[in-house]
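Enquirer: Sequence below, structure please.
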Amino acid sequence: MKDKTNKKIKLSANIRNLKGKKTKKLRKQGIIPANIYGSDFKSLSISVNLKDFFKVYKTSKETGIVYLEVDKKEIPVLIKNVQKHPITDQIIHIDFRKIDLKKKLETEVPIKIVGQSEAVNQKGGVLLIQSNSIKIEAFPEDIPQEIEIDITKLKEIGQEIKISDLQKSEKYEFKDESNKIIVSIIEHKEQDTKPETSTVTPEVISEKKAEEKKEENNSENKNN
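Expert: Got it, this is the predicted structure:
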């Protein structure tokens, strides 16, 4: 397992006076409305350049510290929510969480699978990822961008990697239950692709029954 920490990332922002429906004008100009919030911090309405934000978000994701430059001040934040339009998928609003660099915080860190599993490559097993992130506690500057999970040691079907199997770090502490499963190897099962067949048994007419039926028809004809 390996962790990676972030470098200092900056993003320029402006105090925002436009609110509500008026923010549509900003979006047309490539400017995204946003808010900064946090404990012991008065919520602040700001706006950021969309292109600049994309560059920052590509690097920081939601685990890296971003230093917002607002009104000649530098505010350390985490990107907590990126709201997108349900149809166009365009970013329409961003929430930044103001943090205290001297206080530890809990956050989810995404995992990254590395290595090759003998159980998958040679024994036909299937890698099942049961958790895409791990909850940790750390000082903001020590939060890794991702936690690498090495699956090389998974050599048999049925094996798994739990929180308790991960190497501990001096920079952060795992906050999930120790028995939480992150990845496991399961047996590959072929799906049943056979078409459904009818269970209704067709009527079988024997030679004797056919003869009886013929005689019955002849008798009816004579009577008529």
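Enquirer: Hmm, residue 183 and residue 129 touching each other?
Expert: Yes - with contact defined as Cβ atoms under 8 Å, residue 129 and residue 183 form a contacting pair (5.4 Å). To be clear about C-beta, it is placed using only N, CA and C from the backbone, and glycine gets the same treatment.
Enquirer: any shared contact partners between these two?
Expert: Counting by Cβ atoms under 8 Å, 6 or more residues apart in numbering, the residues touching both residue 129 and residue 183 are residue 113.
Enquirer: Give the rounded mean pLDDT of the longest strand seen in the chain.
Expert: Counting residues, the longest strand found in the chain (DSSP state E) is strand 73-84. The pLDDT scores in strand 73-84 average 93.
Enquirer: List the buried residues in it.
Expert: 75, 76, 77, 78, 79 (16 or more other Cβ atoms under 10 Å).
Enquirer: what's that strand packed up against?
Expert: Where contact means 3 or more Cβ pairs under 8 Å, 6 or more residues apart in numbering; DSSP states H and E, strand 73-84 is packed against strand 31-38, helix 50-60, strand 66-70, strand 91-98.
Enquirer: Mind telling me which residue is nearest the centre of this structure?
Expert: residue 132 (6.0 Å; Cα atoms, centre = their mean).
Enquirer: So what's the residue count around residue 52?
Expert: 15 (other Cβ atoms under 10 Å).
Enquirer: Tell me the spatial nearest neighbour of it, not counting adjacent residues.
Expert: Nearest non-adjacent residue to residue 52, counting by Cβ to Cβ, 6 or more residues apart in numbering: residue 11, 6.1 Å away.
Enquirer: CA atoms only: put the helix or strand that neighbour falls within into CSV for me.
Expert: In the assignment (DSSP states H and E), residue 11 maps to strand 9-15. Provided in CSV are the C-alpha atoms of strand 9-15 (Å, rounded to 0.1, in the frame of the first residue of the first chain):
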residue,chain,number,x,y,z
ILE,A,9,-2.6,24.3,-5.0
LYS,A,10,-4.1,27.8,-5.5
LEU,A,11,-7.3,29.1,-7.1
SER,A,12,-8.3,32.7,-7.5
ALA,A,13,-11.9,33.6,-6.5
ASN,A,14,-14.0,36.8,-6.3
ILE,A,15,-16.6,37.9,-3.8
